Every structure is written in C-alpha cells, then in structure tokens.
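Peer 1: fold the following for me, if possible:
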Amino acid sequence: MHYSIADAQQPLRADTRSTATSKHSDGQAFRLDINALRALSVLAVLGYHLKIPGFAGGFVGVDVFLVITGYLMTGKVLADLAAGRFSLWSFGMMRMRRIYPALAVVVISSAFVGWFVTLPGEYLRHLRQACYALVALSNFAFDADNGYFAMAAQTKPLLHTWSLAIEWQFYIWMPLVVALIWRRALPSISRPNVMLARFWLLGSFHWRGASGKATAT
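Peer 2: The predicted structure follows:
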C-alpha cells in the first residue's frame with residue numbers, strides 16, 4: 001500500500017490555504033464527509049438513548065467518533081512532523097482550547113445543580129467523578145464505581161465523559177509514540193510508510209487479543 005506525505009497532510013491542507021477558506025476552529029479544512037459521519041454518529045447515539053426503534057446499536061456512534069478523531073489528529077501530527085513544526089505543547093494546547101471550556105462549563109454546572117437535587121452521599125460521589133472528569137480520568141472513576149452498590153447509570157450526569165477521557169489519553173500518548181517512531185525511522189525509508197506499518201501491526205495485535213478474549217468467554 002502506498003502512503004505518501006501528501007496523504008498525511010490531506011486532513012490539514014487548511015494550514016497552507018488562505019484564511020478565507022472554510023475551517024474548523026482548530027485550523028482544519030472543512031471536510032463534508034467527516035462532518036456527515038459526525039452527524040450520523042450523534043443521531044445514532046441520541047436515537048439509542050431515546051430508545052427509538054432501529055437504534056438498538058446506536059452506541060457504536062461513540063466508536064465512530066473516536067475513529068474520526070484518531071484519523072484527523074494522527075494526520076495532523078504526521079503533517080506537522082513532515083513540515084518540521086511539530087510541538088507537543090502546541091498540539092496539547094490546541095486540543096485544550098477546543099474541548100476544555102465546554103467540559104468545564106458542563107462539570108461546574110452539574111456540580112452546582114447537584115448541590116440542590118442530590119443527597120449528601122451521592123453529591124460527594126458526584127464531586128469525585130467531576131474531579132476525575134477535569135483531569136481526563138473519568139473512565140477509571142466510572143469503572144471503579146461498579147458493582148452491587150453502584151449508582152444507576154441514569155443518576156451519573158457525567159457518565160458520558162468517559163469517552164472524552166479516553167480521547168484525552170489518546171492525545172497524550174499518540175503524539176509521543178508517533179514522534180518517536182518518526183524520528184527513529186531510517187532516512188532511507190519512507191517515514192509515513194513505517195508509521196502505517198506500525199499502526200497495522202498494533203491493530204493486528206489488538207484484534208487478535210480481542211478475538212482471543214471473545215473465544216475464551
């Protein structure tokens with residue numbers, strides 16, 4: 001399979017275009033196909049939660065969103081590495097400006113409303129989950145809050161932040177791994193091709209591990 005630097009730069013061609021071009025707030029060119037998939041994912045998740053017939057598997061929309069994010073953000077890191085301008089700090093701050101303001105508003109609002117509508121014990125648990133949400137560890141917090149005495153999912157206003165926490169954790173390790181592989185690749189070998197081979201290898205191991213677990217159960 002041929003994979004060129006031009007392919008890596010495709011999601012972010014807006015970096016070299018005029019600012020008059022339609023863009024996302026973080027500098028990416030508008031992609032109709034990507035945004036259509038996002039819209040379908042949101043509709044699928046909403047249909048699932050509203051129990052609309054035909055949307056029984058709508059929670060898969062979350063997975064689609066994560067795949068889209070992985071594609072776009074990995075493409076940005078590759079494009080920046082190819083252009084020699086990659087900065088882990090700049091990448092992190094770009095995502096922080098895009099995501100954190102809305103997250104902070106949701107977490108603070110839920111904590112404020114929770115003070116008036118929840119019991120003291122439940123409120124303390126909610127505050128703990130809110131703190132975990134602010135530091136991108138919600139998935140661990142909700143995984144620990146499991147079992148016979150766990151609260152019902154409907155009583156956890158921040159339960160949806162588990163996927164955002166996974167996204168943030170991806171933003172931390174992905175640029176580090178990609179930059180490490182990129183800089184260690186031999187100059188005589190196409191770096192994007194090396195990167196693609198590593199991703200295929202990692203995906204293969206993950207698929208085999210998931211298949212083994214499914215067979216064991």
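Peer 1: below-threshold pLDDT in the protein: ranges please.
Peer 2: Applying pLDDT under 70 to the chain flags residues 1-28, 185-217.
Peer 1: where do the helices of it begin and end?
Peer 2: 5-9, 32-49, 60-83, 88-117, 120-134, 138-144, 161-184, 191-216 (DSSP state H).
Peer 1: closest to Ala152 out of these?
Peer 2: Closest approach to Ala152 among the helices of the chain is made by helix 120-134 (10.9 Å; CB to CB). For every residue, glycine as well, the C-beta is placed using N, CA and C.
Peer 1: now do the closest one: distance to the chain's middle.
Peer 2: 23 Å (CA atoms, centre = their mean, to the nearest Å).
Peer 1: and stretch 176-187, by the same measure?
Peer 2: Distance, centroid of stretch 176-187 to centroid of chain: 22 Å (CA atoms, centre = their mean).
Peer 1: of the helices of the chain, which is nearest Met151?
Peer 2: Smallest distance to Met151 across the helices of the chain (CB to CB): 6.8 Å, for helix 120-134.
Peer 1: counting by contacts, list what the closest one packs against.
Peer 2: Counting by 3 or more CB pairs under 8 Å, 6 or more residues apart in numbering; DSSP states H and E, the packing neighbours recorded for helix 120-134 are helix 88-117, helix 138-144, helix 161-184.
Peer 1: and these as TSV, adding mean neighbour count and distance to Gly70?
Peer 2: Shown next, in TSV, are those (neighbours: other CB atoms under 10 Å; distance: least, CB to CB, whole Å):
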stretch	mean neighbour count	distance to Gly70
helix 88-117	13	13
helix 138-144	17	16
helix 161-184	16	7
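Peer 1: would you mind giving those helices as TSV with distance to Val67 added?
Peer 2: Shown next, in TSV, are the helices and strands packed on helix 120-134 (distance: least, CB to CB, whole Å):
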stretch	distance to Val67
helix 88-117	17
helix 138-144	17
helix 161-184	11
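Peer 1: select, out of the ones you listed, the one closest to Thr69.
Peer 2: helix 161-184 (5.9 Å).
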